[in-house]
Every structure is written in C-alpha cells, then in structure tokens.
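**Q** Predicted structure and sequence below. I'll ask about it afterward.
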Amino acid sequence: MILRDKNILLISPEPWDHIFVSKHHYAVHLGRRSNKVFFLNPPGKRPSVTGTDYQNVWSVHYAGFPKGLRYYPGALQRHFIRRRFHELERLCGADFDIVWSFDNSVFFDFSALPGKVLTISHIVDSTQDFQFHKAASTANLCLGVTREIVNRLKKANPRSFFVQHGYAQPGDIAEIHLPGTHAIRVGYAGNLDLR
C-alpha cells in the first residue's frame, strides 16, 4: 500500500494542542503526502472537527466511550467501538482507509472495524499499557520504537516491527534560536535511554 490519497484516522493519547511529539509529526508528514489526516484527540465533551495550520490535517474531538468499556463482554466492546467509529466517519465526512493508533486505551479491538480498513497499533511509549494484547492481536500491523516493545507486540502479533522514533524534518518546526555567542551552538531534546 502506498500512503497517498488515503483517509487516515490517527488516534493519539496527547491532544493536538499539546507540545508536538511523534504523533503530531506523523500527522503533518502524512498530510503532506496528500492524505487526509484526522487527528483524534483524547476523549472530551463535544464532538467537533477543526482545521489546523497544516495542509490536510484536522483536529477531531469526540465524547469517548462508555465508562468501563474494557470490562464489557467482547461483543459489547466491539458494538460500541464500531458505533463510535462510524460516528467519527460521519463527523469527519470521510470513509477511513487507515486507523493508525498510538493509544491502546481506546479503539483497542480492531476486529470491530470494517475489514477493508488497515489497522496499525503503534506503541511509542512503554506507559501505553492499557489493552496492549487485544490491540496488538487485532491490528493488521504493529510498530514499536524499542526492542522491548516490539518483543511484547510479537507475542500477540507476528506482524510487529521495529521503527525508530518519529522526528520532525527541517521545515516542520519553527526556527529555534539557541542562547550563546559562539559560532557553534548545540541543543538536544530527547531520551537517550530508549533503544
């Protein structure tokens, strides 16, 4: 599959107005590739879709799921996930081709979604440990940013692969001015402990 001209629901545990992290950069990059990217914020109060400053990227708000959904019988879980998915398609005015989830606390049973939808469980934080096994086992593809995460994903889904942590390409972020007067100035932000 070529990632162009697709309708993508990107599910994030951080809201769009949060500091930009890998999920945001993926959204921007996918939007630049002529995809329509609907960045799903964590559950809130009122459903809405608003444009962003980036081409082909929209910020989507939704009400979430019934409290305690993870304790419901599987058939009821799938019912509510399927229903919310179709509500989001109507809200966004799009039939989603891809669901790319960075959050296994919501939409964690991908078997509830139409078979034509490509589902990706992408774990970039070891703290994303909610419905880990169910999300991984029902996804078409799993991605992880550490060997430890990928090994856990592989226990549930052999189609699990290691990818480096996302980053912003030059031009994706505002110009940064580092303090100091020397000709060479260096700044770093990140975590050197993850492998």
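**A** Nice, thanks for sending it over. Numbering: from 1, shown residues only.
**Q** The helix or strand of the chain with the lowest mean pLDDT - contacts with which helices or strands?
**A** Across the helices and strands of the chain, mean pLDDT, DSSP states H and E gives its lowest value to helix 22-32, namely a mean of 94. Using 3 or more CB pairs under 8 Å, 6 or more residues apart in numbering; DSSP states H and E as the contact criterion, the neighbours of helix 22-32 among helices and strands are strand 7-11, strand 36-40, strand 57-61. Yep, even glycine has a C-beta here, placed from its N, CA and C like the rest.
**Q** now the helices for the chain?
**A** With DSSP state H as the criterion, the chain has helices at 22-32, 74-92, 132-138, 147-156.
**Q** Would you mind saying which of those lies nearest G44?
**A** The minimum distance between G44 and the helices of the chain falls on helix 74-92, with 12.9 Å, by CB to CB.
**Q** Which of the residues in the closest one are classified as buried?
**A** Buried positions in helix 74-92, judged by neighbour count with 16 or more other CB atoms under 10 Å: 77-78, 81, 84-85, 88-89, 92.
**Q** Report pLDDT for T127.
**A** At T127 the predicted local distance difference test score is 81.
**Q** For it, give its distance to I149.
**A** Here T127 is placed at a distance of 11 Å from I149 (CB to CB, to the nearest Å).
**Q** Pick out whichever of these two has more residues nearby.
**A** I149 (24 against 8; other CB atoms under 10 Å).
**Q** Apart from its chain neighbours, what residue comes closest to the more buried one?
**A** I123 (5.1 Å; CB to CB, 6 or more residues apart in numbering).
**Q** Could you verify my assumption that the one you found touches N104?
**A** Yes: I123 sits in contact with N104 when judged by CB atoms under 8 Å, with a separation of 7.1 Å.
**Q** So what's the residue count around the residue nearest to I149?
**A** Each residue near I123 was counted by other CB under 10 Å, and the total is 25.
**Q** what separates it from L3, distance-wise?
**A** In this structure, I123 and L3 are 19 Å apart, going by CB to CB.
**Q** about what we covered before: kindly reformat the helices of the chain as TSV containing distance to N7.
**A** Listed next are the helices of the chain as TSV, based on distance: least, CB to CB, whole Å:
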stretch	distance to N7
helix 22-32	11
helix 74-92	8
helix 132-138	20
helix 147-156	25
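**Q** Going by distance to H25, which of the buried residues of helix 74-92 wins?
**A** Using CB to CB, C92 is the member of the buried residues of helix 74-92 that sits closest to H25, with 20.8 Å.
**Q** My understanding was that that closest one contacts P47; is that so?
**A** No: checked against CB under 8 Å, the pair C92 and P47 is beyond contact range at 9.9 Å.
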